[in-house]
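Give me the fold of what follows.
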Amino acid sequence: MTHEFLRELADHLEADEELDIQTAGFTNCRFPVLAKRYVVRDDAVLHADLSGLESIDG
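Residues are numbered from 1 along each chain as shown. Presented below is the predicted three-dimensional model:
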């Protein structure tokens with residue numbers, strides 16, 4: 001349902017507008033932390049799952 005809603009919302013944005021939604025919380029009141037990011041543009045809905053941990057050392 002969330003993805004459908006965001007796609008419908010994208011239809012109402014201007015060409016240069018962007019909606020950035022970031023959420024964080026717990027699943028079932030325990031760890032691990034659930035974190036997500038959605039970026040809604042007039043032509044796309046982008047999604048990132050921020051719960052992973054990766055090295056920045058390359």
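
And the helices in this structure?
2-10 (DSSP state H).

Could you check the worst-scoring helix or strand of the chain on mean pLDDT and say which residues are buried?
When each helix and strand of the chain is scored by mean pLDDT, DSSP states H and E, strand 30-41 comes last, with a mean of 79. Under the neighbour-count criterion of 16 or more other Cβ atoms under 10 Å, strand 30-41 has 38, 40 buried. Quick note: C-beta positions are derived from backbone N, CA and C, even for glycine.

Glu14 contacts Asp42, doesn't it?
Yes: counting by Cβ atoms under 8 Å, Asp42 is a contact partner of Glu14 at 6.6 Å.

nearest spatial neighbour of Asp49, skipping sequence neighbours?
Nearest residue to Asp49, sequence neighbours excluded (Cβ to Cβ, 6 or more residues apart in numbering): Lys36, at 6.0 Å.

Repeat that for Thr2.
Leaving aside its chain neighbours, Thr2 sits nearest to Tyr38 (7.9 Å; criterion: Cβ to Cβ, 6+ apart).
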